[in-house]
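[1] Model the following, please.
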Amino acid sequence: MVVPEGYIKKKGSTIPFGYRLSNSTKGYLAPIPEQLSLLQKYINSVLAEELSLREASASLSIEAERKISHVGLSKLVQKQNLTPKYRYSKEQKRKNELAKQKKELAKAKKKVAYKEAKLKAEELVIKKATEQTPSNIVTEEELEQVAPSVQEIIKDSKVIFHPNEGPQTDFLAADEKDVLYGGAAGGGKSYAMIIDPLRYCHKKAHRALILRRSMPELREMIDKSRELYPQAFPGAKFREVEKLWNFPSGAKVEFGFLERDADVYRYQGQAYSWIGFDEITHLPTEFSWNYLASRLRTTDPEIKTYLRCTANPGGVGSHWVKNRYILPAEHNSSFLGKDGLTRKFIPAKLADNPYLAEDGVYEQMLKSLPPTQRQQLLEGNWDVAEGAAFTEFEPLVHVITPFELPLHWERVKGIDYGYASESCCLWGIMDINDGTLIIYRELYKKGLTGEELGSIITDMELEDPYSVSGVLDTAAWARTGTTGPTVGESLVRQGHKLRPADKNRIQGKIQIHEFLKVQENGRPKLQIFNTCPNLIRELQSIPLSKTNPEDVDTHASDHAYDALRYMIMSRPRMVSTFDRLRGLKRDIHQPSDSTFGY
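    Coordinates of the predicted model:
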């Protein structure tokens, strides 16, 4: 079969532009000369850049009365090994040029805005540093945003206060809700406490409260504020009667004191956005501090509320401060308290304050203090207590990790009962190898009746091989105008083998000193499992009596101490349980007449 000239083979269902189905030659497409001529005409116009692909395809579709898209036209051009340059229509070119100019304009505006903001920031920083303005406080963030030349101006100008690098800077920059800055004396804590409330003094809604235990202790802080506040905020006025600073913005900083827990109610109904307590260990309990936390609120969403406190180790409140801030997490680490507040403890050292540490005079004065105060104020040691009754107690020596107790070692318990105060029961075991008394378990809980205490002790002794005998505070056996069973009788009735304890306070304290001594073998006669935190705490912190140096302070927490004293005064036996049973059997079968054997 002869194929006519110009015919092309049909390759699919689509018929290309410029062709039609052939009636005479099956499987081939016949050319349409008029359409092919028009197609070539418009391809040439595209190559000559007279028309864009869209314009050429639209005109070709109308003139040929057959639809062809600009994509289809582009493919036909490429088949001829020609690569057309895409051309826009005049209208589209004008639109593209306009869009380009708008983009360049927006970019230029952005550069101008950035430059204006930077110049404005530099102008503000220079003004704060060199002129009398409502606020002369320049933050580190503001300094980082300005040019190096402006930073040099700040360095050359008179700086009222710049925090020491390290803990003092960390304290002022801390974002946690509740922060303690504490440790050694001379670390710059009180100065930081004066500065920190200024963070929002440019805002009208800011209310700050700075506290100490007594009014005389506030005098030094007020004097420092007189030096700093008027320079930081020109126009700030101090009202002596109310002990209140009023700032030009309307912000206020108040100085107050808490000699007694009841004094906290003077702040009832008040709202503060910042509350700080200098030397918080002067508070005997955390009641006041928790109550003050309920006064922490603000109506300004741009103001964040804070609790801030400083402290040296020691003082009547050292125990609760240690439990609240120091024990829950590593130093300088943020953590979440049980009340849902974020907290952090930032330790301070004398070396952190170059103004005091440089010449060594203040350090030498601290070194001359008695051992306990030296450890607290020079080393920032929270594990020692001022006036502690048992200075020989060392956690590294007397506190041990729990281990499996041999079944045949003699066990004993001592109980100090209280309902309004805590009841404490300690369980001890005698190491028959060297006579060491090991306290391996404690119960420490208030609000228990005799029946409840007995049930809890029974449950806790399920781990022991037998019911542990022991001693109980004699007050638990006393009848106080009632004919009902005493606490002691209730415990005995539940199966606990107890006898009245020897309550000689002086001899009991001496015996504890004896048991705390380290023996020749390097081991003390008393060791405590680290699962007994209340006994460890009391031996660390219980102070001597101010009226009788031979005794401990009975007003301090001493329930675990009393239980230990009762136990030691009961003279626990060192013989093993098995040896005692064998001896009992031997005594029972010992004949009264050796001759006749009976």
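[2] in the stretch 301-450 of the chain, which spans are strands?
    For the stretch 301-450 of the chain, the strands defined by DSSP state E, counting those that start in this stretch occupy 306-311, 335-336, 342-348, 399-400, 411-416, 422-430, 437-446.
[3] would TSV of the ones you listed with distance to residue 256 and mean pLDDT be doable?
    C-beta coordinates here come from the backbone N, C-alpha and C atoms, glycine included. Listed next are the strands of the stretch 301-450 of the chain as TSV, based on distance: least, Cβ to Cβ, whole Å; pLDDT from 0 to 100:
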stretch	distance to residue 256	mean pLDDT
strand 306-311	14	92
strand 335-336	28	94
strand 342-348	23	91
strand 399-400	40	94
strand 411-416	39	96
strand 422-430	32	95
strand 437-446	32	96
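[4] Ok, which of those strands comes nearest residue 118?
    Closest approach to residue 118 among these (Cβ to Cβ): strand 306-311, 30.6 Å.
[5] Which neighbours in the sheet does that closest one have, and how are they oriented?
    strand 178-183 (parallel), strand 274-277 (parallel) (DSSP bridges).
[6] how about the helices in the stretch 201-350 of the chain?
    For the stretch 201-350 of the chain, the helices defined by DSSP state H, counting those that start in this stretch cover 215-232, 287-293, 318-321.
[7] still on that earlier bit, looking at the strands of the stretch 301-450 of the chain, which is nearest to residue 208?
    Short answer: strand 306-311, nearest of the strands of the stretch 301-450 of the chain by Cβ to Cβ, at 9.1 Å.
[8] Alpha carbons only: can I get the closest one in PDB?
    Once non-C-alpha atoms are left out, strand 306-311 reads as follows in PDB (Å, rounded to 0.1, in the frame of the first residue of the first chain):
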ATOM      1  CA  TYR A 306       7.500  36.000  92.000                       C
ATOM      2  CA  LEU A 307       8.400  34.700  95.400                       C
ATOM      3  CA  ARG A 308      12.000  35.400  96.300                       C
ATOM      4  CA  CYS A 309      14.000  34.600  99.500                       C
ATOM      5  CA  THR A 310      17.500  34.500 100.800                       C
ATOM      6  CA  ALA A 311      19.100  32.600 103.700                       C
END
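[9] That strand: which residues count as buried?
    306, 307, 308, 309, 310, 311 (16 or more other Cβ atoms under 10 Å).
[10] same thing with stretch 209-223?
    Buried, per 16+ other Cβ under 10 Å, within stretch 209-223: 209, 210, 211, 212, 213, 218, 221, 222.
[11] Could you do stretch 289-307 as well?
    So stretch 289-307, judged by 16+ other Cβ under 10 Å, has buried residues 289, 292, 293, 295, 296, 298, 303, 305, 306, 307.
[12] cool, stretch 223-242 as well?
    Buried, per 16+ other Cβ under 10 Å, within stretch 223-242: 225, 228, 229, 230, 232, 233, 236, 238.
[13] Looking at the residues you listed, spot the one nearest residue 537.
    residue 225 (36.9 Å).
[14] who are the neighbours in contact with that closest one?
    Residue 225 makes contact with 194, 238, 245, 253, 255 under the criterion Cβ atoms under 8 Å, 6 or more residues apart in numbering.
[15] Is it possible to get CSV of those that adds pLDDT and distance to residue 545?
    Formatted as CSV, these follow (pLDDT from 0 to 100; distance: Cβ to Cβ, whole Å):
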residue, pLDDT, distance to residue 545
194, 91, 37
238, 95, 43
245, 95, 43
253, 96, 41
255, 95, 35
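[16] And residue 171, its phi and psi?
    phi -60, psi -50 (degrees, to the nearest 10).
[17] on that earlier part again, quick one: the strands paired with strand 306-311 as TSV, columns for distance to residue 389 too.
    Formatted as TSV, the strands paired with strand 306-311 follow (distance: least, Cβ to Cβ, whole Å):
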stretch	distance to residue 389
strand 178-183	24
strand 274-277	28
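[18] weakest of the ones you listed in terms of mean pLDDT?
    When those are compared on mean pLDDT, strand 178-183 scores lowest, with a mean of 88.
[19] Just the C-alpha atoms of it, please, in CSV.
    Extracted in CSV, the C-alpha atoms of strand 178-183 (Å, rounded to 0.1, in the frame of the first residue of the first chain):
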residue,chain,number,x,y,z
ASP,A,178,9.7,30.6,93.9
VAL,A,179,13.5,30.9,94.3
LEU,A,180,15.9,30.7,97.2
TYR,A,181,19.3,32.4,97.0
GLY,A,182,21.2,30.9,100.0
GLY,A,183,24.4,29.6,101.4
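[20] What lies in contact with the helix or strand just after it?
    Reading on from strand 178-183 to the C-terminus, the next helix or strand found by DSSP states H and E is helix 189-195. With Cβ under 8 Å, 6+ apart as the test, helix 189-195 has contacts from 161, 163, 168, 171-172, 181-182, 210, 220-221, 224-225, 228, 276, 278, 308, 310-311, 348.
[21] again, only using 6 Å
    168, 171, 181, 224, 225, 276, 278, 310, 348 (Cβ atoms under 6 Å, 6 or more residues apart in numbering).
[22] so how far is residue 257 from the fifth one?
    Distance from residue 225 to residue 257, counting by Cβ to Cβ, to the nearest Å: 15 Å.
[23] The first one too?
    Residue 168 sits 24 Å away from residue 257, taking Cβ to Cβ as the criterion.
[24] who's more crowded, these two?
    Comparing residue 168 with residue 257 by other Cβ atoms under 10 Å, the one with more neighbours is residue 168, at 22 against 16.
[25] And the strands paired with strand 306-311: which comes nearest residue 448?
    Evaluated over these, closeness to residue 448 peaks at strand 178-183, with 32.0 Å, by Cβ to Cβ.
[26] who does residue 272 bridge with?
    Beta-bridge partners, per DSSP bridges, of residue 272: residue 296.
[27] so what's residue 320 closest to, chain neighbours aside?
    Counting by Cβ to Cβ, 6 or more residues apart in numbering, residue 320 lies nearest to residue 286, which is 4.6 Å off, once chain neighbours are set aside.
[28] Model confidence score at the one you found, please.
    On pLDDT, residue 286 comes in at 85.
[29] coming back round to it: which one among the buried residues of stretch 223-242 sits at the bottom for pLDDT?
    Least confident of these in the model: residue 232, at 86.
[30] Low-confidence ranges, the stretch 101-250 of the chain, go.
    124-162, 184-187 (pLDDT under 70).
[31] Distance check, the nearest residue to residue 405 once chain neighbours are set aside against residue 254.
    Excluding the flanking residues, the one nearest residue 405 by Cβ to Cβ, 6+ apart is residue 429, at 5.6 Å. Residue 429 sits 56 Å away from residue 254, taking Cβ to Cβ as the criterion.
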